[in-house]
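> from the sequence below, what's the structure:
(3 chains)
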Amino acid sequence: MSNAEQRFNQLTNYLIKQNLDMSQREIPFEGGRLRIFFIKQIIDVPLLSQNVIRPLINNCARSKKPITAEHALNRILFSSVCSVSKDDAAIVDLLLSGNVVILFSNDEQYLIVKLKRIEHRNISEPEIEYSLRGSKDCFIENLDVNISLIRYRIKDNMLRLKMIDVGKRTKTRIAIVYIEDIASDVLVGEIQKRIEDINIDGIVDSGEIQEFLLNKKFSLFPQMGLVERSDFACRLLLGGRVITLVDGSALALSAPATFLEFFYSCDDCYENKFFGMFMRIIRYISLFAALTASSLYVALTSFHTDALPSDYAILLAEMNAAVPFPSVVGAFLVEFLMEIIRESLLRVPRRIGSAIGVVGAIVIGQAAISSGLFSPLLLIIASLSLLTSFVVPDYTLVNAVRILKFILLLFTCLFGFYGFSIFMCLILAELVSINSFGLPYMVPLAPFNRYDFFRAFMENNTISPFRKKYMHNKNRKRTRKI
Amino acid sequence: MPMTNTVNNRQLFYILFLVLTTYDSLTIPYIMARTTGRGGWTTIIAASLIFALAAVVIAKLQNMHKGKMIFDYCTEMLGPVLSYIISAAYIIEYTLLMVYLNSQVFGLIQTEFLTRTPIWATVSLGLAVFGFIAYKGITNVARLFEIIAPLYIISSAFILVLVLTQGDINNVLPLFEPDHIIDYVSALKDMALPFMGLTVITVIPFTSRNKKAPKWAFFGVLFIGANYLINMESSFSLTGINTLMHYKTGVIETFRLVDFPVIERIDILFLTVGYSGMFMGITFIYTAMTEHVCRMFPKIKRHFIVLAIGIIIFIINMFYHDLRRENDAISIVLSIMVTFMSIVLPIFLLIMSKVKKSAQKDN
Amino acid sequence: MHKKIISMLQVAVLLLCCSGCWDSKDINDKAILATVLLDKQNGNYVFYVEVAHTDRSGGPEGQSASPEKFTIIRGEGKTLIEARDELDRRLKYPIYISAVRSLIITQNFAREDIAEYFNRLRADVEYRKKVISVTTDADPEELLNIFGREESVGLYIEKTLDQMTSYRQMIRRSSSIFIESLSSKYCGFLIPDIGINQNMIDVKGFSVVLGSKVVGFIPANEWNGIIFINAGRPEIEYVIPFEDKMLTFLISLNNRDIKPTYKNGIVKFDLKFDFKAELQYTSGRCPCKFTEKQFDQMSDIITSVLKKDIEDAINTSQRKFGGDYFDFNRRFHAAYPTQYHKMSWDKAYSKAEFNVQVKVKTKELKMFDYRAHGAE
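Have a look, this model is predicted:
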């Protein structure tokens, strides 16, 4: 028995013993045999039959010479992605990655045919970044589909993709996407380094990657943007950012991300520029309202009642007269109730979601007031706080606000406006000290940058043909005649 | 922990503004009503010019020693012993400043807004937050100033415009009384406290982008003087000088009289933004102290230094928080220290630096 | 170890802070005062306060069983503090004084010493400094019950004065201005006086305060001169007899210039008033065919009427009351500070000379032509 034959038998036995739920097919040929190994759940079986097995059988039956891996690669197989290799240790990984491995009894080399086919859902409408005017296609869990969504929009030869496998067990494919002559090399290098430094057994979602890439591990505020829509991802790439796509995750990550950028929506650029500006201002005010509405209510009704006009003070006193709790306790209870409603709406099955909504409105709206549990004004304030939190496009920022709202409420309950202003200073201090991949988080507010500050309100290619100054891109000018 | 310490000129302006106007923007009508009367604008302008020139001297000094704070270049010029003594003097000045400002600001909070809250609660919370911010380093604190200072300036400008439009010009006249010239001059000594805090520039290492810092510092202090002037005149116009003579925080009393459609008491609005500005002023002094101590004792970790400073200031403040003390020893000592540390010492150091530079050139 | 100590310290501070929301007091747990009335009865200080009735029965949706929205509480004592203590003992919630709209001072009280209560107002941090002060000689209980407690008397008074001010027929001053005057070297000012007229609250005139007490009263039909001297840009209607008709004019002040001079120890004021008189309507049948000459005659008549009103107002202050309540002292002080400090303004004012010059420009209504001659 030759060495090749021995190796062939050893490998075959080894692979069978792995219990990978693997399928195999042996085809004899003149002077030997070949064995096709594959995992049928993750490969395209019809293509395997059509492009691999059929031509191999035809050839093996007719050929009077032994077939080698090279010969099969160059003369027999119809598949587009094929290669040969000698690395026996990589065979299992290749099989698990959706490849078909063909071993030859007369050759130490083996053939790798890429026939990966994972079941995935179709491209659907975005759930988080819904837009009236923008495109409705969004990323899905399949990395190749996601890359195709970017490639069909950006046909630039400078668009680069760096593929890295992360996770000892999951070997999740991660693609770092950027435009080489725009994005900063330092930024790309930093992201790549941080991803390569990840030492973990498995990654299943972009959220897990995000945690490893953060500058400041213990911070409430997001330091990377979440991107669901491919058009938004392309806009970010054109702005000099780096997009990280993770196989198996429908949300991509963008870096760097500054605080004000979480308020931006693609629609701001698609719509009339003044309307875009108007909506941005609404969002800024909304986030402030979401954070501070309840606290301001408590401060004005419990501490600094003299700020209210007398008629309103009397009216408020009448409204609160029958309420058993102090405003402080009432505010906490109502906010907590709102958080419960918000969480439950995420998980409630769609069919009964609307019914639950009606029940919730009746229970909270009407019954709570009628029974005198809460003041009507407090419920309005809490509802306003809840609604305004949905105005901001990126929900990760709102998550931080949801937690900070309670802490701010606590400070205000203890110290009134003094506690309010002290805690706001604390929040601002935390915000200015965060860096997102070397970029100050609060730019262009601090450090102030006049050009980009006005663009924080109005962003339009016809009036600002340059990329953002603070990004330190290689190329600031968008290619157009000015 | 990032220890970058650079600031740009705009941030420097905001730092000066908030540190100097921390509390004294509220008391300036009281000081002027008692000492000079309606002609106090002359004293304010004179004091602004003097301290503006002092700010230019300090900024030039920092520019001559790029990338260094006062402890570093004093060590080079005067030796380690003298530099430790100078740093210790600054630390004492900042300690007194912080104690004084804390007692005034937190005393004001207690008197006007939170009458039943014990002083230890407000002071401990305040110091904890100031310390947390000071720990982050000068650059981060300066960025924070870039957000809070414009808000403070805009809100106080808005309220001052309201005050001016509702005031009575007869309360402000006569603008100058020749008989009181001596009072105007002697009141200059009372202007040391409103301009205290100028020396915080000495802890900021300047870089190449701070070439125009002396100009920014000069106009910054003049702007502060203008702010005091408008505060004083608007308070006189609405409240009247005879009433303000008795109100230590005359500006707050003036804001209470402003008619505004939605908010009954506009000083509550000032409470949120204005207090943030005051807290930032105290925070920067805390930061300056921290920087000095960190330089003097490089082996001790920063967070210990911040904690130690906070505890010491808290303890001293618990013994000294009475708002109503007259002829306060600390304010007298502070006035003298401020004058010496802001004007005399920087001039001396600038001359030393120039002599050293020309000696080096000759060599 | 160090981190543990720091964390324990932080937790200790937070726990201590959480031990109580010391200043937290809900608005519904306070007795909200809308009006404060001060009286002196039999040598005792008497407080009447109008407290908002927020505890109305009928459930949280605000259906009220009783139409009364306010309660009147009385407190009496030998001093202000005793009177206030009695009030505190009669209220189930602590007094909330930051919502007071009007401070009503009876003539009984005001004629003795008005300064004490204003000093008290100044010293109280919570007291609303923009509160309107008025005097009255009406019975306190009758006054406060005039609306059957369904409407706030204090709010009504404030709104009445506000609407008169907005129609430029009143000088509106908050208590802070009175406090400033009381703290000044010379004190003299006017407080609106209210009363009851045909079961309604009526602004009857001004009470004159000189020093620290009320010394007299100026009725509403004599206050035009005062309004022209002190109000912002006053507008008052006058009925002028002209030929066989009574003409109604809207007189509005365009410009007012009061210039003090001081010569040979005599204080002199030159008052120049520039009025615009707009003919509104006439009595009798129209059409009116007024000529330019007639309009000039009207101007002359109006000039003399206005000049008389202003001069009468000044004469009343000098001769009847012997005090300056027009703030002429501040104008004089602005121009001659040194001399002002050396003199006694009481004496100087009583001897002061006033030169009143009035200019009136008569106009028609913008959209109506009184000069038109008939078609027939």
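> going forward, measure contacts and count neighbours with C-alpha atoms only.
Noted.
> just checking, C:I171 touches C:R233?
No: counting by Cα atoms under 8 Å, C:I171 does not reach C:R233; the two are 9.9 Å apart.
> neighbour count for the two, which is higher?
C:I171 (23 against 19; other Cα atoms under 10 Å in any protein chain shown).
> doesn't the more buried one belong to a strand?
No: secondary structure of C:I171 (DSSP: H, G, I helix; E, B strand; the rest coil): coil, not part of a strand.
> distance of it from C:I191?
9 Å (Cα to Cα, to the nearest Å).
> what of A:K114?
97 Å.
> what is the neighbour count of the closest residue to chain B within the stretch 201-350 of chain A?
Proximity of the stretch 201-350 of chain A to chain B (Cα to the nearest Cα) peaks at A:A307, 4.7 Å away. As a burial measure, A:A307 scores 22 neighbours (other Cα under 10 Å).
> and C:D85, how far from B:K248?
If you go by Cα to Cα, the gap between C:D85 and B:K248 works out to 29 Å.
> chain center to the one helix or strand C:E237 maps to: distance?
Using DSSP states H and E, C:E237 maps to strand C:235-242. Centre-to-centre, strand C:235-242 and its host chain are 24 Å apart (Cα atoms, centre = their mean, to the nearest Å).
> give the buried residues for it.
Residues of strand C:235-242 classed as buried: C:235-240 (neighbour count, 16 or more other Cα atoms under 10 Å in any protein chain shown).
> can you list the residues you listed in TSV and add pLDDT?
Compiled in TSV, those are given as follows (pLDDT from 0 to 100):
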residue	pLDDT
C:E235	90
C:I236	91
C:E237	91
C:Y238	92
C:V239	92
C:I240	89
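> which of these sits closest to chain B?
Distances from chain B to those, taken by Cα to the nearest Cα, are shortest for C:E235, at 20.0 Å.
> now do the strands in chain C.
Ranges of strands in chain C, per DSSP state E, are C:31-41, C:44-52, C:70-77, C:95-96, C:102-106, C:132-136, C:188-197, C:200-210, C:213-219, C:235-242, C:245-263, C:266-282, C:353-364.
> just name the most buried of those.
Most buried of these by mean neighbour count (mean count of other Cα atoms under 10 Å in any protein chain shown) is strand C:132-136; its value is a mean of 26.
> what residues does that one touch?
By Cα atoms under 8 Å, 6 or more residues apart in numbering or on different chains, the residues outside strand C:132-136 that reach it are C:101-107, C:110, C:158, C:173-175, C:191-195, C:207.
> can you tell me what sits against stretch A:210-223?
Contacts of stretch A:210-223 (Cα under 8 Å, 6+ apart): A:191, A:194-195, A:198, A:224, A:253, A:255-258, A:396-397, A:400, A:431, A:434-437, A:441.
> now stretch A:84-96 - C-alpha only, CSV.
Provided in CSV are the C-alpha atoms of stretch A:84-96 (Å, rounded to 0.1, in the frame of the first residue of the first chain):
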residue,chain,number,x,y,z
VAL,A,84,-6.2,22.3,-3.8
SER,A,85,-4.4,21.8,-0.5
LYS,A,86,-2.1,19.5,1.4
ASP,A,87,-3.0,20.6,5.0
ASP,A,88,-4.6,17.6,6.6
ALA,A,89,-5.3,19.5,9.8
ALA,A,90,-7.5,22.0,8.1
ILE,A,91,-9.9,19.5,6.6
VAL,A,92,-12.4,19.5,9.5
ASP,A,93,-12.5,23.3,9.6
LEU,A,94,-13.1,23.3,5.9
LEU,A,95,-15.9,20.9,6.1
LEU,A,96,-17.5,22.9,9.0
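> would you mark the buried spots in that stretch?
A:84, A:91, A:94-96.
> just these now: which is nearest chain C?
A:L96 (46.4 Å).
> with adjacent residues omitted, what lies nearest to that closest one?
A:I39 (7.4 Å; Cα to Cα, 6 or more residues apart in numbering or on different chains).
> now do the phi/psi pair for A:S80.
Main-chain torsions, A:S80, degrees, to the nearest 10: phi -80, psi -40.
> contacting residues for B:L307?
B:G131.
> what secondary structure does it sit in?
Using three-state DSSP, the structure places B:L307 in helix.
> what's the answer for the one 5 residues further on, then?
Judged by three-state DSSP, the three-state class of B:I312 is helix.
> how close does it sit to B:L96?
With Cα to Cα as the criterion, B:I312 and B:L96 are 11 Å apart.
> and the two? Which one has more around it.
A side-by-side neighbour count of B:I312 and B:L96, using other Cα under 10 Å, places B:L96 first with 19 against 12.
> show the contacting residues for A:F332.
With the criterion set at Cα under 8 Å, 6+ apart, A:F332 makes contact with A:406, A:409.
> kindly report the same for B:I119.
Contacts of B:I119 (Cα under 8 Å, 6+ apart): B:106-107, B:110, B:318.
> who's in contact with the residue nearest to A:L96?
Per Cα under 8 Å, 6+ apart, neighbours of A:I39: A:20-23, A:95-96, A:98, A:100.
> stretch B:256-266: end-to-end distance?
6 Å.
> contacting residues around that stretch?
Residues contacting stretch B:256-266 (Cα under 8 Å, 6+ apart): A:306-309, B:159, B:162-163, B:166, B:238-239, B:255, B:267, C:129-130, C:176.
> of the residues you listed, the lowest pLDDT goes to which?
Among the contacts of stretch B:256-266, B:D267 has the lowest pLDDT, at 82.
> distance of that residue from B:I252?
Distance from B:D267 to B:I252, by Cα to Cα: 6 Å.
> check A:I407 too.
For A:I407, the distance to B:I252 (Cα to Cα) stands at 29 Å.
> on that earlier part again, check contacts around the residue of the stretch 201-350 of chain A closest to chain B.
Applying Cα under 8 Å, 6+ apart, the residues contacting A:A307 are A:300, B:263-266, B:268.
> same question for C:V153.
C:34-35, C:143-144, C:146-147.
> and the longest helix for chain C?
helix C:292-315 (DSSP state H).
> tilt between it and strand C:213-219?
160 degrees (axes from the mean of the first three to the mean of the last three Cα atoms, to 10 degrees).
> next, the buried residues of helix C:292-315.
C:295, C:298-303, C:306-307, C:309-314.
> do stretch C:174-192 as well
Quick answer for stretch C:174-192 (16+ other Cα under 10 Å): C:174-183, C:186-192.
> gap between that stretch and the chain center?
Between the centre of stretch C:174-192 and the centre of its chain there are 11 Å (Cα atoms, centre = their mean).
> can you list contacts of that stretch?
For stretch C:174-192, using Cα under 8 Å, 6+ apart, the contacting residues are B:239-243, B:257, C:115, C:118-119, C:122, C:129-135, C:203-212, C:323-327, C:329, C:345.
> now do that stretch: distance from first to last residue.
11 Å.
> where does the prediction get shaky in chain C?
Residue ranges of chain C with pLDDT under 70: C:2, C:6, C:13-14, C:16-20, C:56-66, C:286-288, C:365-376.
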